[in-house]
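> The amino acid sequence is not available; the structure is as follows:
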């Protein structure tokens, strides 16, 4: 399985991150241990939502969509917690 995941910073809930991985637990540990340069500054992170796909290509396409303008609007309305 391949996962598109949405993270929110515990330290600053306004900081959010969207990514894709085939090992969600390991990837979140990487984010929280500072191994990702994009997220190290705002660790620790919590998983808000994740969506599983059987295809890597589908997961990457959905991640790409979530990072677009209309994808941001969809995620704000449907995926991020209030």
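Alright, I've got the coordinates. Quick caveat: nothing in here was measured; it's all calculated off a predicted structure.

> Report the contact partners of residue 74.
Residue 74 makes contact with 65, 66 under the criterion Cβ atoms under 8 Å, 6 or more residues apart in numbering. The way it works is simple: take the backbone N, C-alpha and C, and place the C-beta from them, glycine included.

> tell me which residues of the helix or strand containing it are tucked away?
Residue 74 belongs to helix 69-78 when elements are defined using DSSP states H and E. Neighbour-count burial for helix 69-78 flags 71, 75 (criterion: 16 or more other Cβ atoms under 10 Å).

> Quick check: the residue nearest to residue 43 when sequence neighbours are not counted vs residue 22, distance?
In this structure, residue 43 finds its nearest non-sequential neighbour in residue 32, 5.2 Å apart by Cβ to Cβ, 6 or more residues apart in numbering. Using Cβ to Cβ, to the nearest Å, we find residue 32 at a distance of 18 Å from residue 22.

> With neighbour numbers in mind, choose between the two.
Regarding residue 32 and residue 22, a neighbour count based on other Cβ atoms under 10 Å identifies residue 32 as having more, with 17 against 12.

> can you tell me how far the more buried one sits from residue 60?
23 Å.

> ok, now residue 26?
From residue 26 to residue 60 the distance is 18 Å (Cβ to Cβ).

> quick one: contacts for residue 66?
4, 6, 18, 72, 74, 75, 79.

> what two of those residues are the furthest from one another?
Pairwise distances across those (Cβ to Cβ) peak at 13.9 Å, for the pair 4 and 72.
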